[in-house]
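In: Sequence and predicted model, in that order:
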Amino acid sequence: MSTPQIVVHRDKELMAQAAAARLITKIVDAQAARGCASVVLTGGRNGNALLAALAAAPARDAIDWSRLDLWWGDERFLPEGDPERNDTQAREALLDRVGLDPARVHFMPAPDGTHEDADAAAEAYAAELAAAARPEDHGPVPAFDVLLLGVGPDTHVASLFPEHPGVRETERTVIGVHGSPKPPPTRVSLTLPAIRAAREVWLLAAGEDKATAVAMALSGAGEVQAPAAGARGTRRTLWLLDQAAAAQLPRSLYPPASP
Ligand SMILES: O=C(O)[C@H](O)[C@@H](O)[C@H](O)[C@H](O)COP(=O)(O)O
């Protein structure tokens, strides 16, 4: 697993634009090397701001959108089209404006006749991930190129909350989450083992309400107390912050070239 690297941007708008530029390059490079790319999306304001910045970036057309696999790190277990669903928000911010191949867009299931509860939805998503994993991925989920995560003020990532059962999961790749402290209470989430299959994990945090969480997760806290600390990529773990979210980082971690 990779050691976290930290990049601090002046404010959250610049952070979203720089992350979008970084993501465009990453996807273009992966497509040039292998013909396709895979990205795991996150819910939350910072993840959506990144998608909106991507939609507005002229260089977005460098991406072959029909050869991009999209997955979700977590989803709010609400009916399809609900404005609070992460995928509804992602569609509005970006997905409805680009030429994606619907077969490559892997929404997490919504409640319906087949997926009565979040546990059934999680099981179905785990099977979809397993079916997409190739032998060279050496595991039950694809080795995603980039997995995006927002960081909560309590250090949660995806729908893995401090001290909740989900953060202790070592076997399953996707779980149903019940009693989430962040509404809505019922969710579906990748687990830390699934997150750690990604080549690159990018964590996004902006605003002063994130400063304590960022400092805690980067200062040696355990993943049960600080789930963000357990989110690492096999090749790279990148914390993308604005100045306010970086304000409580120990000086030893604060990158030299930061504003
Ligand atoms: O479904 C969700 O709500 C998320 O996926 C969640 O993990 C989110 O990313 C963080 O809470 C950060 O959210 P903000 O970027 O809005 O602070």
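Out: Looks like it arrived, so ask away. Numbers count the residues shown, from 1 in each chain.
In: how about the residues of the chain near the ligand?
Out: 42-47, 74, 76, 86, 150-152, 156-158, 182 (Cβ under 6 Å from any ligand atom). Backbone N, C-alpha and C define where each C-beta goes, glycine included.
In: and the longest helix for this structure?
Out: helix 12-34 (DSSP state H).
In: Give the buried residues for it.
Out: Neighbour-count burial for helix 12-34, counted by 16 or more other Cβ atoms under 10 Å, picks out 12, 15-20, 22-24, 26-27, 30-31.
In: picking up where we left off before, can you select the buried ones among the residues of the chain next to the ligand for me in ChimeraX?
Out: Of these, the buried ones go into a single ChimeraX selection, burial set by 16+ other Cβ under 10 Å:
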select :42,43,44,46,47,74,76,86,150,151,152,156,157,158,182
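In: Can you tell me which residue of the stretch 51-200 of the chain sits closest to the ligand?
Out: In the stretch 51-200 of the chain, the residue that lies nearest the ligand is Gly150 (2.4 Å; Cβ to the nearest ligand atom).
In: where exactly do the strands run in the stretch 151-259 of the chain?
Out: Using DSSP state E, counting those that start in this stretch, the strands found in the stretch 151-259 of the chain span residues 174-177, 187-190, 200-205, 236-242.
In: so which of the ones you listed is the most packed in?
Out: Neighbour counts averaged per stretch over the strands of the stretch 151-259 of the chain are highest for strand 187-190, at a mean of 32; criterion: mean count of other Cβ atoms under 10 Å.
In: That one - contacts with which helices or strands?
Out: strand 74-76, helix 118-132, strand 174-177 (3 or more Cβ pairs under 8 Å, 6 or more residues apart in numbering; DSSP states H and E).
In: Show me which parts of stretch 244-257 are buried, residue by residue.
Out: Result for stretch 244-257 [16+ other Cβ under 10 Å]: buried residues 244-249.
In: who wins for proximity to Ile63 among the helices and strands packed on strand 187-190?
Out: Of all the helices and strands packed on strand 187-190, helix 118-132 sits nearest to Ile63, with 19.6 Å by Cβ to Cβ.
In: and the longest helix of the chain, what other elements does it pack with?
Out: Against helix 12-34 (3+ Cβ pairs under 8 Å, 6+ apart) you get strand 4-9, strand 37-41, helix 45-56, strand 146-150, strand 200-205, strand 236-242.
In: would you put the C-alpha positions of that helix in PDB?
Out: Taking Å, rounded to 0.1, in the frame of the first residue of the first chain, the C-alpha atoms of helix 12-34 are listed here in PDB:
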ATOM      1  CA  LYS A  12     -12.200  24.500  -2.800                       C
ATOM      2  CA  GLU A  13     -13.000  25.800  -6.300                       C
ATOM      3  CA  LEU A  14      -9.400  25.600  -7.400                       C
ATOM      4  CA  MET A  15      -9.100  22.200  -5.700                       C
ATOM      5  CA  ALA A  16     -12.100  20.900  -7.800                       C
ATOM      6  CA  GLN A  17     -10.600  22.300 -11.000                       C
ATOM      7  CA  ALA A  18      -7.100  20.900 -10.400                       C
ATOM      8  CA  ALA A  19      -8.500  17.500  -9.400                       C
ATOM      9  CA  ALA A  20     -10.600  17.500 -12.600                       C
ATOM     10  CA  ALA A  21      -7.500  18.300 -14.700                       C
ATOM     11  CA  ARG A  22      -5.600  15.600 -12.900                       C
ATOM     12  CA  LEU A  23      -8.400  13.100 -13.500                       C
ATOM     13  CA  ILE A  24      -8.600  14.000 -17.300                       C
ATOM     14  CA  THR A  25      -4.800  13.300 -17.600                       C
ATOM     15  CA  LYS A  26      -5.100  10.000 -15.700                       C
ATOM     16  CA  ILE A  27      -8.000   8.700 -17.800                       C
ATOM     17  CA  VAL A  28      -6.300   9.700 -21.000                       C
ATOM     18  CA  ASP A  29      -3.100   8.000 -20.000                       C
ATOM     19  CA  ALA A  30      -4.900   4.800 -19.000                       C
ATOM     20  CA  GLN A  31      -6.800   4.700 -22.200                       C
ATOM     21  CA  ALA A  32      -3.700   5.300 -24.200                       C
ATOM     22  CA  ALA A  33      -2.000   2.400 -22.400                       C
ATOM     23  CA  ARG A  34      -4.800  -0.100 -22.100                       C
END
